[in-house]
Every structure is written in structure tokens, then in C-alpha cells.
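Colleague: Give me coordinates for this.
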Amino acid sequence: MSAPDPLDPLDPSAPLLRVEGLVKHFPIFKGFFRRQVGSVRAVDGLSFDLARGQTVAMVGESGCGKTTAGRAILRLVEPDAGHVYFRGHDLPAAPPETLRALRRHMQIIFQDPFSSLNPRQTIAQIVGRPLQLHGLAATEAEAEAQVKTLMEKVGLQASYSTRYPHEFSGGQRQRIGIARAVALRPDFIVCDEAVSALDVSVQAQVLNLLLDLKEELGLSYLFITHDLGVVKHLADEVVVLYLGQLCERTTTKALFSAPRHPYTQALLSAVPHPEPGRARKRVILRGDVPSPIAPPSGCRFHTRCPLAHPRCAAEAPAEHTVAPGHVVRCHLYDGNSAPVDILAGAPNGGR
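Modeller: Residues are numbered from 1 along each chain as shown. Just a heads-up that it's a prediction; the model follows:
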């Protein structure tokens, strides 16, 4: 049986994207002979699904592997192990011709709107060139006409297409990056901290633009961020990472109403309460985030977890389904689906 064509309609019962056991380590070399002395374990066994029309947010502290995971999914960096199924194709194993056909269906919006645009090209060239490379515009004039339409779609004047990146503000440049990402009519976009470099007022405008484009074009997003306020506004589901491993995966509603993993609870305790005069009880995690070069044994969070048991240092926890669609990687849920509250103290003699 031949593999499905990348342009064939997607089976509605199958996820648009399925990630299974994704691993990406970066080797560390030392000395004149470039001897490998270790590796940065950026992503270690990540798994999740993303349905068509859905937004999955990936959150965690800086250095937890979010950006590396996004780039490995797109094969902008080559994963070391695992599977990434997109439109039914395993991307790490896809031959070059299949990967090229799939490229236009998956795009990325970068964090820095200042360095992600070529300063020597006009906006018409930056946004229009991919249209010609993928056969969506036969001539340069046809590409320019499409670019003008895209500029208006992202809230900029069509006449701006003749300008250069340095003539725009940060928010306008990010709109141009969004125009470039949607130009090829993709199914899936990785938004890598797409609003973190912008002012708060501009962030809201860009987030609303992304939501509008999602509805209009039927897009699916993997939204990489450290801002849980953005997550609540934008995402359908959330994946929480710590030192390259999944801690918790569930719907946005369940995450904010009943977080299960102690790390997730600590992250949420730092989010300001929406009602004036009310505040959440803050959880201050002890110590620093360990190095991904030598992550802790057992549960990687045990060195900072207020509920850690001796078992946590010796044995890595498995993923436990504590409710439909709610997965937690924590020993506290071995055979237990009841919520464990980090603020209430450690059960069963934990310290």
C-alpha cells in the first residue's frame, strides 16, 4: 500500500500532528580532537497530539526544551529518536521529496521580529519568495499581488510591501512574520514565543490577530510560551515541560481549575488573580533549575518539589491518566486520581 499523498484530505478521525517519544540531545565537545564529554538533554521522550483547528500551548521555565521541541517537530533540527506524524507521515523518516511537499503545510513564527526578517529584502520579497518556490505564484507580479492581500489580512497597508524591515516597529514586523507564515496556506504553525518580545498592548493585538486567522484559515497552533496568561486566552490544551520532560498534559480549563503536578501548581501560583483585591497563595520553589547536562536521577523535579519522597530520587515516574485527557508524570498519582495540593503539604509522610 502506497503512502498517502501529502495533499490528500486528512482523515478527520486522526490528529493533524502526533508526537511520540521525541528525543533531542545536543552533544558537548571539548579539546582539539573534539572529544564528546556529555550532552544537553533538551527534550527527553515528549508525546502529545494536536487536532485540526486546535491550539496546544507548551509551557515551562526558560531552558526546559520548549523551543527545541518545536524545532525538532518541524525538522529544523533533527530529532535523535521518536516519531512526529504530520498528515499521516513520520517526518523524521520522510524522504526529501515528501518533506518538501509537507513543508508548505507547516510553518513557524519566530520570537524575535527584528532578526527573523532579512534586512536587505523588501517585504514583497520576504513574503513573496516562498509563494514562487512552492508554485503558489507563477510570476513575481502575481506574488506581489498576493503579498498585498496578505498585508491587509494582518492589519497593514498594502503599500507597505515595498518597504524594508527597518522601517517598521516591532509589532508591525511580527505581523509581517505572521503574513510570511500564512502565505503558503499551511495547516499547522509553531508560534515560538511569538509575542514575548512585544509591548503588552501590542501583544493583545497580535494574539487577537492569531485567533482571527485561526478561525478564518482553519489553522492549528503549537504555541510555545512561558506566559500562562497568554495560555488561558489562546490555548485549548496545555503541555507542561520541566527539563525536557512532560509533567502534565490536559485541557486549559482543567489545568487552571485543577492542576495536578506540583510543578504546574507552583507555576500557576505566580499568575495574578483576575479579581482585584484577591491574590493566590504563592509557592516559591527552592533551589535553581538543575542543568540539562546532568539532570537529577529519578523524577527531574524532585530536587525542588515540596512533596518529594525518597522514591522520587531513585525512580523516574510513569505517566498516569488521572482523568479523561489528563496525564500527569508524578509518583503521587500511582493508583490515585484524587488531586494532590502542593499548598496543603505532603501526604503519606512526604517532606
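Colleague: so how far is the helix or strand where K232 lies off the chain centroid?
Modeller: Using DSSP states H and E, K232 falls within helix 228-234. Here helix 228-234 is found 13 Å from its chain centre; the criterion is C-alpha atoms, centre = their mean, to the nearest Å.
Colleague: all helices of this structure, in order?
Modeller: 66-73, 96-103, 123-133, 140-153, 170-182, 200-217, 228-234, 252-257, 262-269, 310-314 (DSSP state H).
Colleague: quick one: the fourth one to helix 170-182, angle?
Modeller: Yep, that's helix 140-153 we're talking about. Per axes from the mean of the first three to the mean of the last three C-alpha atoms, to 10 degrees, the angle that helix 140-153 makes with helix 170-182 is 130 degrees.
Colleague: and helix 140-153 with helix 200-217, angle?
Modeller: Using the same axes, to 10 degrees: helix 140-153 against helix 200-217 is 120 degrees.
Colleague: Please spell out which residues along helix 140-153 are buried.
Modeller: For helix 140-153, a neighbour-count test (16 or more other C-beta atoms under 10 Å) marks A143, E144, A145, Q146, V147, K148, L150, M151, K153 as buried. For the C-beta atoms, the positions are set from N, CA and C on the backbone; glycine is no exception.
Colleague: helices and strands around it, which ones?
Modeller: Applying 3 or more C-beta pairs under 8 Å, 6 or more residues apart in numbering; DSSP states H and E, one finds that helix 140-153 contacts helix 123-133, helix 170-182.
Colleague: any idea which of the ones you listed is most buried?
Modeller: Neighbour counts (mean count of other C-beta atoms under 10 Å) averaged over each of the helices and strands packed on helix 140-153 peak at helix 170-182, with a mean of 23.
Colleague: on that earlier part again, of the helices of the chain, which is nearest R282?
Modeller: helix 262-269 (5.1 Å; C-beta to C-beta).
Colleague: From the contact counts, what lies against the closest one?
Modeller: strand 237-242, strand 245-251, helix 252-257.
Colleague: Of those, which is nearest V328?
Modeller: Of all these, strand 245-251 comes closest under C-beta to C-beta, at 5.1 Å.
Colleague: What average pLDDT does the closest one get?
Modeller: For strand 245-251, mean pLDDT is 97.
Colleague: Could you name the helices and strands sitting against it?
Modeller: Using 3+ C-beta pairs under 8 Å, 6+ apart, strand 245-251 sits against strand 35-50, strand 237-242, helix 262-269, strand 326-329.
Colleague: Pick the most buried one from those.
Modeller: strand 237-242 (a mean of 25).
Colleague: Give the pairing partners of it; include direction for each.
Modeller: Sheet partners assigned to strand 237-242 using DSSP bridges are listed as strand 55-59 (parallel), strand 245-251 (antiparallel).
Colleague: so how many other residues sit close to A258?
Modeller: Residues contacting A258 under the criterion other C-beta atoms under 10 Å number 14.
Colleague: Give the buried residues for the helix holding K232.
Modeller: So helix 228-234, judged by 16+ other C-beta under 10 Å, has buried residues L228, V230, V231, K232, L234.
Colleague: quick one: buried residues of stretch 19-31?
Modeller: In stretch 19-31, counting by 16+ other C-beta under 10 Å, buried: V19, L22, V23, K24, H25.
Colleague: For stretch 186-194, the averaged confidence score.
Modeller: Rounded mean pLDDT across stretch 186-194 is 95.
Colleague: Now tell me what touches that stretch from outside.
Modeller: 10, 16-17, 50, 52, 66-67, 70-71, 73-74, 86-87, 104-111, 174, 177-178, 181-182, 206, 210, 218-226 (C-beta atoms under 8 Å, 6 or more residues apart in numbering).
Colleague: The closest residue to S196 other than its chain neighbours - how many residues pack around it?
Modeller: Ranked by C-beta to C-beta, 6 or more residues apart in numbering and with sequence neighbours excluded, the top spatial neighbour of S196 is Q111, at 6.1 Å. Counted with other C-beta under 10 Å, residues neighbouring Q111 total 19.
Colleague: Q111 against A197, yeah?
Modeller: Yes - assessed by C-beta atoms under 8 Å, Q111 is found in contact with A197 at 6.0 Å.
Colleague: Thank you, goodbye.
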